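Q: the amino acid sequence is not available; the structure is as follows:
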Ligand SMILES: NC(=O)C1=CN([C@@H]2O[C@H](COP(=O)(O)OP(=O)(O)OC[C@H]3O[C@@H](n4cnc5c(N)ncnc54)[C@H](OP(=O)(O)O)[C@@H]3O)[C@@H](O)[C@H]2O)C=CC1
Ligand SMILES: O=CC(=O)O
């Protein structure tokens with residue numbers, strides 16, 4: 001008999017959806033906690049597996065899914081899921097890290113370049129007819145090549161960003177994290193520092209850590225005060241790793257030169273956020289992995305994870321150990 005799988009967001013691949021449809025009874029909900037809530041809750045009662053992204057899943061919802069064996073997240077980050085609860089229920093959680101690494105690093109480096117060279121501000125300048133004379137010092141950006149990039153969390157994405165910076169732009173790489181990374185020290189000369197030291201030394205700082213109870217508001221007023229007024233700050237990880245109110249204050253006070261942000265404490269970012277009115281902030285709508293290729297690979301990886309668990313096999317990317 002076919003197993004039941006609940007899809008709780010769009011998987012950006014029709015081919016993957018077709019494969020899943022052949023194997024399972026699929027119930028697809030694009031607005032599971034809104035318009036589709038009643039049907040979604042009803043489908044959970046029979047669900048063996050779930051696949052999707054961008055939904056907070058803990059006991060309140062999952063207690064309605066007594067048969068559930070696996071949640072396959074179409075994402076690298078898994079801060080949306082209550083790991084303790086899943087562990088206690090024996091429900092496996094899987095993710096798609098390698099599928100997003102290079103694309104998210106591309107986004108990070110793009111943000112870094114856009115922020116350094118004031119790309120959005122100057123593109124607006126020309127679009128609004130203000131380019132009436134040669135660009136002068138008031139509109140100059142700062143160089144990227146040869147500078148120091150400080151990476152908070154030198155994992156998959158951090159290392160992919162570091163390679164772009166080091167091999168493409170001759171940047172030196174500083175990092176802080178839980179452990180030494182001898183492989184990256186050998187590969188691109190990364191140097192491990194205490195976080196406080198890194199904050200004062202780096203020209204560019206990029207946040208690449210997962211969101212957890214340990215990293216929530218890892219960067220706040222104290223940390224911004226340790227940065228130099230010429231520092232450019234980039235966040236491509238998760239909004240709540242940074243105390244956004246403290247970031248806004250630091251930018252207002254000139255403690256930072258600018259910021260490039262792909263993620264925010266509240267998403268979508270409220271349209272009245274002060275960040276949107278700051279010319280030295282480049283804000284993107286959480287597009288780290290938003291390319292056709294990456295989203296296709298994420299969907300395929302997530303489907304393979306789901307199938308493996310439902311077949312009683314070990315998935316490629318398990319989060320929990322039973
Ligand atoms: N903007 C976007 O669209 C995207 C955002 N992301 C986000 O990026 C995050 C990172 O992804 P990925 O690189 O694949 O993850 P990895 O697990 O490969 O790397 C995370 C790194 O963070 C380090 N780390 C963990 N806790 C701390 C801490 N308290 N202080 C400093 N460093 C710490 C880890 O160090 P150690 O190895 O020593 O434990 C590890 O090196 C994801 O969790 C997700 O939230 C991911 C994809 C797209
Ligand atoms: O934010 C995206 C992810 O894959 O995590």
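A: Everything's here; your move. Predicted model only: the values in this text are computed from it and were never measured. Residues are numbered from 1 along each chain as shown. Ligands and ions are numbered 1, 2, ... in the order given.

Q: relative to residue 168, how far out is the nearest residue to residue 268 once chain neighbours are set aside?
A: Excluding the flanking residues, the one nearest residue 268 by Cβ to Cβ, 6 or more residues apart in numbering is residue 285, at 6.8 Å. The way it works is simple: take the backbone N, C-alpha and C, and place the C-beta from them, glycine included. According to Cβ to Cβ, to the nearest Å, residue 285 stands 26 Å off from residue 168.

Q: burial check on whatever residue of the chain ends up closest to ligand 1, number of neighbours?
A: Taking Cβ to the nearest ligand atom, ligand 1 has its nearest neighbour within the chain at residue 155, 1.6 Å off. Look at residue 155: counted by other Cβ atoms under 10 Å, it has 19 neighbours.

Q: one more: residue 5?
A: With other Cβ under 10 Å as criterion, residue 5 counts 25.

Q: next: residue 188.
A: By the criterion of other Cβ under 10 Å, residue 188 has 16 neighbours.

Q: average pLDDT across the host helix or strand of residue 61?
A: Taking DSSP states H and E as the definition, residue 61 sits inside helix 59-62. The average pLDDT within helix 59-62 is 98.

Q: for the helix or strand that that helix is followed by, name the packing helices and strands.
A: The helix or strand immediately downstream of helix 59-62 is strand 70-73, counting by DSSP H and E. Secondary-structure packing of strand 70-73 (3 or more Cβ pairs under 8 Å, 6 or more residues apart in numbering; DSSP states H and E): strand 49-52, strand 92-94, helix 292-310.

Q: and the residue most central in space within the chain, how close does it get to residue 311?
A: Taking Cα atoms, centre = their mean, the centroid of the chain lies closest to residue 237, which sits 3.9 Å from it. Noted for residue 237: a distance of 33 Å to residue 311, by Cβ to Cβ.

Q: one more: residue 41?
A: On the measure of Cβ to Cβ, residue 41 and residue 311 end up 27 Å apart.

Q: residue 184 in helix, strand or coil?
A: Under DSSP: H, G, I helix; E, B strand; the rest coil, residue 184 falls in the helix class.

Q: and the closest residue to it other than its chain neighbours, what does it touch?
A: Among residues not flanking residue 184 along the chain, residue 190 sits closest, at 4.2 Å (Cβ to Cβ, 6+ apart). By Cβ atoms under 8 Å, 6 or more residues apart in numbering, the residues touching residue 190 are 151, 154, 162, 173, 174, 175, 181, 184.

Q: which pLDDT value belongs to the second one?
A: Going back to what we said before, that points to residue 154. So residue 154 comes in at 98 (pLDDT).

Q: ok, the closest residue to it other than its chain neighbours - how many residues close by?
A: Excluding the flanking residues, the one nearest residue 154 by Cβ to Cβ, 6+ apart is residue 175, at 4.0 Å. Using other Cβ under 10 Å, residue 175 has 27 neighbouring residues.

Q: okay but residue 175 is in contact with residue 194, surely?
A: No. Using Cβ atoms under 8 Å, residue 175 makes no contact with residue 194, being 10.9 Å away.

Q: strands of the stretch 1-150 of the chain, start to end?
A: 4-7, 25-28, 49-52, 70-73, 92-94, 148-152 (DSSP state E, counting those that start in this stretch).

Q: actually the stretch 201-322 of the chain, not the one I wrote
A: 204-207, 232-235, 258-261, 281-283.

Q: interface residues of this protein facing ligand 1?
A: The chain has residues 76-77, 97, 100-101, 104, 152-158, 176-179, 208-211, 214-215, 236-238, 262-263, 286, 288-289 near ligand 1, with proximity defined as Cβ under 6 Å from any ligand atom.

Q: now these: which count as buried?
A: 76-77, 97, 100-101, 104, 152-158, 176-177, 208-211, 215, 236-238, 262-263, 286, 288-289 (16 or more other Cβ atoms under 10 Å).

Q: before we move on, the earlier item: spatially, what comes nearest to the residue nearest to the centre of the chain if we skip its sequence neighbours?
A: Once flanking residues are discounted, residue 237 sits nearest to residue 207: 4.8 Å by Cβ to Cβ, 6+ apart.

Q: and the one you found, how many neighbours?
A: 24.

Q: mind listing what the closest residue to the residue of the chain closest to ligand 1 other than its chain neighbours touches?
A: Once flanking residues are discounted, residue 155 sits nearest to residue 208: 6.4 Å by Cβ to Cβ, 6+ apart. Taking Cβ under 8 Å, 6+ apart, we find residue 208 in contact with 108, 151, 152, 153, 154, 155, 157, 158, 161, 236, 237.

Q: take those and keep only those in helices.
A: 108, 157, 158, 161 (DSSP state H).

Q: now the stretch 201-322 of the chain, which segments are flagged as low pLDDT?
A: Regions of the stretch 201-322 of the chain meeting the criterion pLDDT under 70 are absent.

Q: show me what from it comes close to ligand 2.
A: So far as Cβ under 6 Å from any ligand atom goes, the stretch 201-322 of the chain lies against ligand 2 at 288, 289.

Q: let's see that with 8 Å instead.
A: For the stretch 201-322 of the chain, the residues in contact with ligand 2 (Cβ under 8 Å from any ligand atom) are 238, 263, 286, 288, 289, 298.
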